[in-house]
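Enquirer: based on what follows, work out the 3D shape:
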Amino acid sequence: MHAVPSMAGARHFSELICWQLADALRVEMFKLTRRRLFARDLKHQSQAEDAVDSVCRNIAEGFGCPSHTEFARFLEISRRSLNELLDSLRSAQLKGYVSPDEAVPIHT
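Expert: Predicted coordinates for the structure are as follows:
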């Protein structure tokens, strides 16, 4: 993870803790979507990966906004993408691609 400046505001989106956590989530989700059974379901794999990428992308895009209000809107969109990802993960559990225990790092 990237270090957050102690006295100054973030100068790059990667310094934001929310982006760092989302990126760590992305790493964990990609480990799951690369598994043989998951990867064979190309549509589900693509949707899950797009959802987790969207979490990070919207934080990054919002960081460049000129106002806090606009940035907050992008964070709301990011949260919606996170909800989509969690639903996709539930579907992956039901399909037998991942176990409930393997989903714990994503849910926490």
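
Enquirer: in this protein, where is pLDDT below threshold?
Expert: The chain contains residues with pLDDT under 70 at 1-8, 108.

Enquirer: centre of the chain to the longest helix anywhere in it, how far?
Expert: In the chain, assigned by DSSP state H, the helix with the most residues is helix 68-94. If you compare the mean C-alpha spot of helix 68-94 with that of the full chain, they lie 7 Å apart, counting by Cα atoms, centre = their mean, to the nearest Å.

Enquirer: if we go by neighbour counts, what in it is buried?
Expert: Neighbour-count burial for helix 68-94, counted by 16 or more other Cβ atoms under 10 Å, picks out 71, 74-75, 77-78, 81-82, 84-85, 88-89, 92. Using the backbone N, CA and C atoms, a C-beta is placed for each residue, glycine as well.

Enquirer: name the helices or strands packed onto that helix?
Expert: helix 17-33, helix 42-63, helix 100-107 (3 or more Cβ pairs under 8 Å, 6 or more residues apart in numbering; DSSP states H and E).

Enquirer: which of those is buried the deepest?
Expert: For the helices and strands packed on helix 68-94, average neighbour numbers computed from mean count of other Cβ atoms under 10 Å are highest in helix 42-63, which has a mean of 19.

Enquirer: any idea how far that one is from the chain center?
Expert: 6 Å.

Enquirer: same check, this time on stretch 15-22
Expert: The gap between the average C-alpha position of stretch 15-22 and the chain average comes to 10 Å, counting by Cα atoms, centre = their mean.

Enquirer: can you show me the CA trace of that stretch as PDB?
Expert: The C-alpha trace of stretch 15-22 is given here as PDB (Å, rounded to 0.1, in the frame of the first residue of the first chain):
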ATOM      1  CA  GLU A  15      -2.700   8.100  -1.300                       C
ATOM      2  CA  LEU A  16      -6.400   7.800  -0.200                       C
ATOM      3  CA  ILE A  17      -7.100   5.100   2.300                       C
ATOM      4  CA  CYS A  18     -10.400   4.300   0.600                       C
ATOM      5  CA  TRP A  19      -8.600   3.700  -2.700                       C
ATOM      6  CA  GLN A  20      -5.900   1.600  -1.000                       C
ATOM      7  CA  LEU A  21      -8.600  -0.600   0.600                       C
ATOM      8  CA  ALA A  22     -10.500  -0.900  -2.700                       C
END
